[in-house]
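Student: kindly return the folded structure for what I paste below:
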Amino acid sequence: MSDLHEIRARIEARQQRAREAAPTWGKSVRVGGVDITFTHQPQVGRWEAAEATKVFVYHENPTVVLRNCDEDLDVLERHRPNEHREHCLGCPSGIDWRKCPEARSLARRYGVEGADGG
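Tutor: Below you'll find the model as predicted:
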C-alpha cells in the first residue's frame, strides 16, 4: 500500500479546500458566469442542477468536510506504522501496516494508489 505521507497529504489538501470555502458558505459566488449560493438548502441561480447534485453539495459543506477530515486524521494517527514501518500500532493483532484495513480504507477514500494492499 502507498505511503502514509501521501494519505495525510490528500486529507490535508481536502481540509485546506474546505477552509478556503468556509468564508463564502451561504453567500452567492459566481462560477462560470453563474451566481450560485450554497447553504443548508442549496439555491442554484440560473444553473439547473440535478437534485442529487444539490444534495451532494449540501453534504460537502466546509463544516462537514472539516469534521470528516479531522476524523480521518485521527484514524490515520491511531493506525500508523511502528518506527520500522512493519506493524500497525492501532490493530490489536499487530498486522503488517500495509494490510491494515483502516489505512487501506483511507487510501481508497483519498485515491491513493495501492489501496488494494499491493
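
Student: which ones are touching residue 100?
Tutor: Residue 100 makes contact with 79, 88, 90-91 under the criterion C-beta atoms under 8 Å, 6 or more residues apart in numbering. (C-beta placed from N, C-alpha, C; glycine too.)

Student: hmm, 7 Å instead?
Tutor: 79, 88, 91 (C-beta atoms under 7 Å, 6 or more residues apart in numbering).

Student: the closest residue to residue 95 other than its chain neighbours: neighbour count?
Tutor: Leaving out its chain neighbours, the residue that sits closest to residue 95 by C-beta to C-beta, 6 or more residues apart in numbering is residue 88, at 5.6 Å. Neighbour count for residue 88, taken as other C-beta atoms under 10 Å: 22.

Student: ok, residue 88 - contacts?
Tutor: 79, 81, 94-95, 97, 100, 103.

Student: farthest-separated two in these?
Tutor: 94 and 103 (13.7 Å; C-beta to C-beta).

Student: so which of those two has more stuff around it?
Tutor: The residue with more neighbours, out of residue 94 and residue 103, is residue 103; 27 against 12, by other C-beta under 10 Å.

Student: buried set for the strand or helix carrying the more buried one?
Tutor: Using DSSP states H and E, residue 103 falls within helix 101-109. Using 16 or more other C-beta atoms under 10 Å as the burial criterion, the residues of helix 101-109 that qualify are 102-104, 106-107.

Student: quick check: residue 65 touching residue 19?
Tutor: No - the criterion here is C-beta atoms under 7 Å, and residue 65 misses it with residue 19 at 9.1 Å.
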